[in-house]
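Enquirer: mind looking at a prediction? Sequence and model below.
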Amino acid sequence: MSAFKDGLLNGKVAFVAGGTSGINLGIATRMAELGAKVAVAGRDPEKAQRAAAGIGRGAVGYSTDVRDYAATRAVMEQIVNAWGPMDIVVSGAAGNFLSPAAGLSANGFKTVVDIDLLGTFNVFRGCYDLIQKPGASLIAITAGQAVNPMMMQIHACAAKAGINQVIRVMAMEWGPEGVRVNGISPGPIAGTEGMARLAPNPEVTKALTGRIPLRRFGEISEIAESAVFLCSESAAYITGTILDCEGGSQLGDARSPFERS
Ligand code: COA
Ligand code: NAP
């Protein structure tokens with residue numbers, strides 16, 4: 001159920017980096033439904049084309065690796081040349097896998113940090129002179145690992161913690177120009193690649209669900225609604241915030257002492 005009215009994003013230009021599958025594709029799709037002109041990008045060009053076709057409404061798919069500043073900047077220049085300055089930029093590309101620190105190579109650690117953290121810097125830094133000022137809204141997709149350490153996630157914990165500080169510093173530096181910079185921290189979201197990797201069997205899924213205050217995984221559409229809120233006029237005085245959309249899962253283990261055998 002959505003509280004947002006049709007046409008809310010009419011006339012807006014939105015770019016979703018990593019918007020070719022999962023949560024970010026859900027965000028891109030919802031923004032297009034509400035009237036935005038939407039571009040998505042990922043590494044795989046065919047996947048990007050399929051995503052854009054699925055979104056419809058004139059959406060465009062580009063190929064770039066967010067670790068490559070020049071290539072990512074070139075994609076954003078193409079968007080602006082076609083549609084004008086961007087009103088909404090979402091940085092959501094990420095890589096993840098379970099690995100104990102002792103089994104992780106330096107390149108494995110670097111790979112996740114480069115995609116998530118350097119990628120977010122590249123997207124945000126690269127869009128600086130390509131966005132609507134005042135008025136642009138930038139959103140980075142972070143995760144609970146940024147705040148709460150999680151075993152077998154040393155790379156993602158470090159990367160997402162860095163993203164939270166990128167959000168805050170850019171909110172301070174770009175606020176005077178009327179640019180808002182926020183984050184969304186999703187909880188475990190059903191049907192995503194991320195949860196396929198972090199909860200790889202039904203037993204893990206059941207155990208995780210039992211610890212979440214709202215006792216369920218979230219839906220992609222619920223993250224999309226949070227993104228629309230953050231880039232809407234309703235959030236005009238919100239910047240530098242990380243919006244937790246996670247069913248209370250970061251509060252801790254929500255089983256009573258009697259359930260914890
Ligand atoms: N356990 C330990 N190390 C791993 C690993 C795993 N499961 N998967 C990859 N690595 C290591 C590789 O061994 C390599 O290190 P090395 O050179 O020392 O051997 C390093 O990570 C890079 O791997 P590579 O496959 O070259 O990286 P890539 O850039 O092609 O792909 C990944 C990036 C590894 C993150 C890949 O899983 C990916 O593309 N993920 C995108 C989708 C995703 O993760 N979605 C969930 C988002 S939350
Ligand atoms: P996903 O479906 O794997 O989406 C990742 C997207 O990023 C894809 O479009 C992928 O396309 C792209 N991508 C990956 N590496 C890239 C790179 N180097 N350059 C450019 N694009 C790249 O993942 P998801 O599970 O929906 O997660 C989406 C976001 O939500 C991530 O930031 C993740 O950390 C966050 N999150 C997810 C959950 C969850 O429950 N799933 C929970 C908390 C936070 P290509 O492969 O074609 O590049």
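Expert: Sure thing, it's come through. Because the structure is a prediction, the values reported are computed rather than measured. Ligands and ions are numbered 1, 2, ... in the order given.

Enquirer: separation between the residue in the chain that ligand 1 sits nearest to and residue 136?
Expert: Proximity to ligand 1, evaluated over the chain using Cβ to the nearest ligand atom, is greatest for residue 95 at 2.5 Å. Using the backbone N, CA and C atoms, a C-beta is placed for each residue, glycine as well. Look at residue 95 and residue 136: by Cβ to Cβ, to the nearest Å, they are 27 Å apart.

Enquirer: name the residue closest to the centre of this protein, please.
Expert: With distances taken as Cα atoms, centre = their mean, the residue of the chain nearest its centroid is residue 141 (2.7 Å).

Enquirer: mind checking pLDDT for the residue lying closest to that one once chain neighbours are set aside?
Expert: In space, not counting the residues next to it along the chain, residue 141 is nearest to residue 92; the distance is 4.0 Å by Cβ to Cβ, 6 or more residues apart in numbering. Per-residue pLDDT puts residue 92 at 99.

Enquirer: the more surrounded of residue 95 and residue 136?
Expert: Neighbours were tallied for residue 95 and for residue 136 using other Cβ atoms under 10 Å; the higher tally belongs to residue 136 (24 against 20).

Enquirer: for that one, what are its contacts?
Expert: By Cβ atoms under 8 Å, 6 or more residues apart in numbering, the contact set of residue 136 is 85-89, 178-180.

Enquirer: other residues contacting the helix or strand of the chain with the lowest mean pLDDT?
Expert: Least confident element among the helices and strands of the chain, by mean pLDDT, DSSP states H and E: helix 202-209 (a mean of 94). Outside helix 202-209, the residues within contact range by Cβ under 8 Å, 6+ apart are 188, 195, 199, 215-217.

Enquirer: need the residues you listed in JSON lines (columns: distance to residue 128 and neighbour count).
Expert: Formatted as JSON lines, the entries for these read as follows, by distance: Cβ to Cβ, whole Å; neighbours: other Cβ atoms under 10 Å:
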{"residue": "188", "distance to residue 128": "33", "neighbour count": "21"}
{"residue": "195", "distance to residue 128": "33", "neighbour count": "20"}
{"residue": "199", "distance to residue 128": "37", "neighbour count": "19"}
{"residue": "215", "distance to residue 128": "42", "neighbour count": "11"}
{"residue": "216", "distance to residue 128": "39", "neighbour count": "12"}
{"residue": "217", "distance to residue 128": "36", "neighbour count": "22"}
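
Enquirer: residue 107 - how many residues pack around it?
Expert: Using other Cβ under 10 Å, residue 107 has 8 other residues around it.

Enquirer: again with residue 204
Expert: Taking other Cβ under 10 Å as the neighbour definition, residue 204 ends up with a count of 12.

Enquirer: helix/strand/coil for the closest residue in space to residue 145 that isn't next to it in sequence?
Expert: Setting aside the residues directly before and after it, residue 145 is nearest to residue 157 in space (Cβ to Cβ, 6+ apart), at 4.4 Å. Reducing the assignment to helix, strand or coil with DSSP: H, G, I helix; E, B strand; the rest coil, the entry for residue 157 is helix.

Enquirer: now do residue 117
Expert: With three-state DSSP as the basis, the three-state label of residue 117 is helix.

Enquirer: same thing with residue 216?
Expert: Of the three states, residue 216 takes coil under three-state DSSP.
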